[in-house]
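**Q** what's the 3D shape of this:
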Amino acid sequence: MSSAPQLPPLSTPITRLLRVPPGPVDLDAYDPAGTPGVDEDDRDRVESGMDDLGQALSDLQERLYANGRVHQGSAPRVLLVLQGLDTSGKGGVIRHALGLMDPQGIHLAAFKKPTVEELAHDFLWRIEREVPAPGLIGVFDRSHYEDVVVARVSALAAPEEIERRYGAINQFETRLAAAGVVIIKCFLNVSYEKQGERLSERLDRPDKHWKYNPGDLDTRRQWADHRAAYETALERCNTPVAPWYVVPADRKWYRNWAVARLLAEALDSLALAWPAADFDVAAERRRLASLG
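**A** Residues are numbered from 1 along each chain as shown. Okay, here's the model as predicted:
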């Protein structure tokens, strides 16, 4: 029997390198072009190693999925939250990092502007409906954090309501963790300069016009306000059961590898075994042999 694919070694876990420490957050202290855990000239090695990382990640995901199928409600689940300013690469992460795994074990939810129905409920109502089932990896493309970032910058809610939401988010995430949800929250940290380059590319290339939204420039004009709102969210909602990770996003190859590595380390920490058969294996083997 062949051994299971092993997670490629790393001298320091990426979860330790990218985790936001408790206390005030200053995003200017985080290098958007940094490459924690690898050298910045290691792109070729990192990209060629994605196959090995993908094999290990795929095996770990299948163990999670198998436990969900067999143990159902008692199986763990994983929730990956992707936040970041325009062009930070949430879609790229989904294609390249999540693309290493079996899509049937992934539940993807993309949160856009709230609908009339969603606005009639508490801000967490639509979020709770998309929490992954046991055995699945859930991915939030934007999330409940829009309700304390965009809502704050654009004054979509009163200051006292924004203040209430920080506590509501912490309570919600604590409840998820108690129910067996492993939460990985990633802020994809893109620089102002790199964002400008990527927006310009979207205008220059007809095949990228579909990605461009004139409203992106309104958000860019409020860059400092959005960064400040994120700093507050990262500080106020950075808990032991739901920590934040700041992922440098200027280098796409590093961003995709780092998120894949965060997922792999989280799954590996669960130390999941393959579910034991609930039938007599020897008897079933004899039955199979009798059928020729």
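**Q** CA atoms for contacts and neighbours, from now on please.
**A** Will do.
**Q** identify all contacting residues around the helix or strand of the chain with the lowest mean pLDDT.
**A** Lowest by mean pLDDT, DSSP states H and E among the helices and strands of the chain is helix 215-221, with a mean of 91. Residues external to helix 215-221 that are found in contact with it (C-alpha atoms under 8 Å, 6 or more residues apart in numbering): Asp86, His226.
**Q** tell me the helices and strands packed up against the helix or strand just after that helix.
**A** Using DSSP states H and E, the helix or strand that directly follows helix 215-221 along the chain is helix 223-236. On a contact count with 3 or more C-alpha pairs under 8 Å, 6 or more residues apart in numbering; DSSP states H and E, helix 223-236 meets helix 146-153.
**Q** list of residues touching the helix it packs on?
**A** Against helix 146-153 from outside (C-alpha under 8 Å, 6+ apart): Phe123, Leu156, Ala157, Pro159, Ile162, Arg165, Tyr166, Asp225, His226, Ala229, Tyr230, Ala233.
**Q** just give me the neighbour total for Asp31.
**A** 17 (other C-alpha atoms under 10 Å).
**Q** list the contacts for it?
**A** Taking C-alpha under 8 Å, 6+ apart, we find Asp31 in contact with Pro248.
**Q** pLDDT score assigned to it?
**A** We note a pLDDT of 98 for Asp31 in this prediction.
**Q** element containing it, please.
**A** Counting by DSSP H and E, Asp31 is part of no helix or strand.
**Q** that one and Arg227, how far apart?
**A** 14 Å (C-alpha to C-alpha, to the nearest Å).
**Q** and for those two, which residues touch both?
**A** Counting by C-alpha under 8 Å, 6+ apart, nothing touches both Asp31 and Arg227.
**Q** residue contacts, Glu62?
**A** Counting by C-alpha under 8 Å, 6+ apart, the residues that Glu62 touches are Asp102, Gly105.
**Q** thinking again about what came up before, so what's the gap between the least confident helix or strand of the chain and the chain middle?
**A** Chain-centre distance of helix 215-221: 24 Å, with C-alpha atoms, centre = their mean, to the nearest Å.
**Q** buried ones in it?
**A** Thr219, Arg220 (16 or more other C-alpha atoms under 10 Å).
**Q** all numbers from here: first residue = 43
**A** With the count now opening at 43, the last piece we talked about shows up as helix 257-263.
**Q** ok, His138 - contacts?
**A** With C-alpha under 8 Å, 6+ apart, His138 has these contacts: Asn298.
**Q** which pLDDT value belongs to it?
**A** Model confidence at His138 (pLDDT) stands at 93.
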